[in-house]
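**Q** Structure of the sequence below:
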Amino acid sequence: MLIDTKPVHRLTRVAGIGRRIDGDRITGWARLRKLFDEIQAIAEALIAIVGAFPERAWQWPVRTG
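**A** Below is the predicted model:
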């Protein structure tokens, strides 16, 4: 699932991380070498962003008819 929000854009821009969508895959890269601690901090920030979504955001509507 792609999380494409302003906070994610801001975080990846500040961190110097790029990403592109190719079909159903996301490819990411860092512009400069990153220490493991930096990458872990970015991952934790993304987890917090995703965790802030309400539960109903993860439920796909069922279409009938």
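
**Q** which residues sit in contact with residue 51?
**A** By Cβ atoms under 8 Å, 6 or more residues apart in numbering, residue 51 lies in contact with nothing. From N, CA and C alone the C-beta is placed, and that goes for glycine too.

**Q** measure it to residue 40 for me?
**A** Counting by Cβ to Cβ, to the nearest Å, the separation of residue 51 from residue 40 is 16 Å.

**Q** Then residue 49?
**A** Going from residue 49 to residue 40 by Cβ to Cβ gives 15 Å.

**Q** okay, the two: which has more neighbours?
**A** Taking neighbours as other Cβ atoms under 10 Å, residue 49 and residue 40 compare with residue 49 leading, 16 against 11.

**Q** Alpha carbons only: can I get whichever strand or helix holds the more buried one in PDB?
**A** Element membership of residue 49, judged by DSSP states H and E, is helix 36-51. What follows is helix 36-51, C-alpha atoms only, in PDB (Å, rounded to 0.1, in the frame of the first residue of the first chain):
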ATOM      1  CA  PHE A  36      21.900   2.800  10.200                       C
ATOM      2  CA  ASP A  37      20.700   5.100  13.000                       C
ATOM      3  CA  GLU A  38      19.500   7.700  10.500                       C
ATOM      4  CA  ILE A  39      17.700   5.100   8.400                       C
ATOM      5  CA  GLN A  40      16.100   3.600  11.600                       C
ATOM      6  CA  ALA A  41      14.900   7.100  12.700                       C
ATOM      7  CA  ILE A  42      13.300   7.700   9.200                       C
ATOM      8  CA  ALA A  43      11.600   4.300   9.400                       C
ATOM      9  CA  GLU A  44      10.300   5.100  12.900                       C
ATOM     10  CA  ALA A  45       8.900   8.400  11.700                       C
ATOM     11  CA  LEU A  46       7.200   6.700   8.800                       C
ATOM     12  CA  ILE A  47       5.700   4.100  11.300                       C
ATOM     13  CA  ALA A  48       4.300   7.000  13.400                       C
ATOM     14  CA  ILE A  49       2.800   8.600  10.300                       C
ATOM     15  CA  VAL A  50       1.100   5.400   9.300                       C
ATOM     16  CA  GLY A  51       0.000   4.700  12.900                       C
END
